[in-house]
Structure formats: structure tokens, C-alpha cells
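> Fold the stuff below for me.
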Amino acid sequence: MISIDNYDFKGKRAIIRVDFNVPLNEKGEVTDDTRIRAAMPTVKKVLAGGGSVILMSHMGRPKKNPDPKYSLEQIVPAVEKNLGVKVEFVVINWDSKVMELNNKSIDCVWNGMTLTDGVKEAMETSKPYCTNEQVVVVPADKKDIYNTREAVKGLSFAAEAGSAGEEVLTALGFKVTSVQSQADAVMEVAAGTSDAAVIDLLMAGAVIGKGTSYENLVYTVSLSAVKEEYGVGFRKGSELAEKLNGFFDKARADGSMEATAAKYGVNEALIKSH
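Modelled structure (predicted):
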């Protein structure tokens, strides 16, 4: 099986989806670079092999328009410090992705893309490969108490400002404190300043529980009315979507997809059959 350990990156360009949604202070300076440091072995492996790297991430959840306080440009100095090379910041306009697919500037959109009706109409899309929903994070010793919507409704919550978690809490009429990031929401629970947090299931699987920095936290109940389904988009009429579906089917059948999901703590979000 081809893996990062045996692949020849010489002369190749690798796109790496990272989670650099790190906490910042009022000056836009990184206050905790744990996530950045965690990605460095992978990035350095590609560079050491003679390849180049494009890092893709998100920062916060702006409402309707771009917001400078959520710009990833702020973390460039921290990435450069950890990586030891110059980093160029490039803004991606996701609103133009369909146009870029059609004029062949790009061939694929794969970035935790929710398969909405609009997306499926504009692109040739793969079958969904994983789901996402908003889940409640509580101390592990409270998991048997706070495991239903009714049980958690009186808690004080922390959620990322502008996030889907904040939106669902507000819609339900629950008490919520807005923080800068989902990581900050988790920290609020760990510190005991909030009873619970609401974050993405995919993030919960990766950052809390056994083997993480927050082993004393767990997620219990989902507050989402409908699960999001993630897929991959290609140019309309492209055969690549069907070929990727074939790869997904094979990876499900031989267990490699489930093994990869388990490795990164997101196996509960994986769609295991179609």
C-alpha cells in the first residue's frame, strides 16, 4: 500500500489539509501552537523528500462576509517558526470553485465539503464518505448524567462564535458563551468555567478522549437536527467521481478506510456502507 512513508515526493506538490484553527490573542498572535506543531512531521517529510506543500485550513466561522479576525494570515509567523522555512499566504475564494473547476484551473474540491443540493447540482460529486454533527462535550465523570437533550438543557455551554454549534444552541434557547474557537470551547470545559461545549463531531473524535490532551472529556448527545454529509466535488460530467466511488468501495471492503478513520479518531463519523 502506498503511504507517506514510501511515496516519492520528489518534484511533486502535496496538498495537506491541516487543522490550524488555533487560539489567538487580541493582537492576532498564536497563544497555543499545539496543532501547528502536530502537523510539522508530515509537512517536513514531504519537503525532505524534495516535494513542495500547500497547506489548507480554516479559521473560525465568519458569518456572511470575510472577517480579518478569522484570517489565517495571522498564523503565518508561527508556522514559519515551527517549519523553519518561508511560508506564503494565499487566499482561496471558495465561491469561485465551480468556475475554477469548469475552466480547468482545478480538478477537485475536497475540503470537508458538505453535499448540499446546490453543490450536487453544480458539480459531479462522490458519494458521501463521512458525516458531521454538533455534539455535546462534558467531563467523563458526567457522561451518564448528560446524555440526552433534556438532561443538558440547563447547562452553561461554550461554543465557537459564529459556528454551527453556537447556532444550534441559540435555536434551542440554551445558555451559551461565545469563544474564539472550538479549541477554546473545549478548554472552557476542561477548566470548569463552562459545564459543556458543543463542537463538530469530527473535531471531538480527534481532540478529546483516550490518547489526547483531554482524556477526561467525552462527547455524548448530538444536538443537530440533520447530519451534514461530506463528499468530493469534480467538474460536471467528470468520470473521476465514479472512479473515486470505486476507490471508496474498495477501501471500505478491505478495511483500510475504517482503519484510517480509527487512527485519527473519526470512525464514528465514517459512512461505512452505501
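
> residue ranges with poor pLDDT in this protein?
61-66, 92-95, 111, 274 (pLDDT under 70).

> those strands in it, which residues are they?
13-17, 52-56, 108-114, 124-125, 130-132, 134-139, 156-160, 175-179, 196-200, 217-222, 228-234 (DSSP state E).

> Reformat these as JSON lines; add mean neighbour count.
Placement of C-beta: from N, CA and C, glycine included. Shown next, in JSON lines, are these (neighbours: other C-beta atoms under 10 Å):
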{"stretch": "strand 13-17", "mean neighbour count": "13"}
{"stretch": "strand 52-56", "mean neighbour count": "16"}
{"stretch": "strand 108-114", "mean neighbour count": "17"}
{"stretch": "strand 124-125", "mean neighbour count": "20"}
{"stretch": "strand 130-132", "mean neighbour count": "20"}
{"stretch": "strand 134-139", "mean neighbour count": "25"}
{"stretch": "strand 156-160", "mean neighbour count": "24"}
{"stretch": "strand 175-179", "mean neighbour count": "18"}
{"stretch": "strand 196-200", "mean neighbour count": "28"}
{"stretch": "strand 217-222", "mean neighbour count": "20"}
{"stretch": "strand 228-234", "mean neighbour count": "21"}
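
> do you know which of the ones you listed lies nearest residue 25?
With C-beta to C-beta as the criterion, residue 25 lies closest to strand 175-179 of the strands of the chain, at 13.0 Å.

> In contact with residue 165, which residues are there?
Going by C-beta atoms under 8 Å, 6 or more residues apart in numbering, residue 165 touches 134, 159, 182, 185, 197-200, 223.

> so which of these comes closest to residue 128?
residue 200 (15.6 Å).

> Test of understanding: give the bridge partners of the residue lying closest to that closest one once chain neighbours are set aside.
Nearest residue to residue 200, sequence neighbours excluded (C-beta to C-beta, 6 or more residues apart in numbering): residue 132, at 5.5 Å. For residue 132, the beta-bridge partners under DSSP bridges are residue 228.

> There's contact between residue 132 and residue 227 in this structure, I believe.
Yes: assessed by C-beta atoms under 8 Å, residue 132 is found in contact with residue 227 at 6.9 Å.

> re the thing from before, dump the strands of the chain to CSV, plus distance to residue 210.
What follows is the strands of the chain, written out as CSV (distance: least, C-beta to C-beta, whole Å):
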stretch, distance to residue 210
strand 13-17, 24
strand 52-56, 28
strand 108-114, 24
strand 124-125, 34
strand 130-132, 21
strand 134-139, 14
strand 156-160, 22
strand 175-179, 25
strand 196-200, 17
strand 217-222, 9
strand 228-234, 24
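
> Among those, which comes closest to residue 87?
strand 52-56 (8.0 Å).
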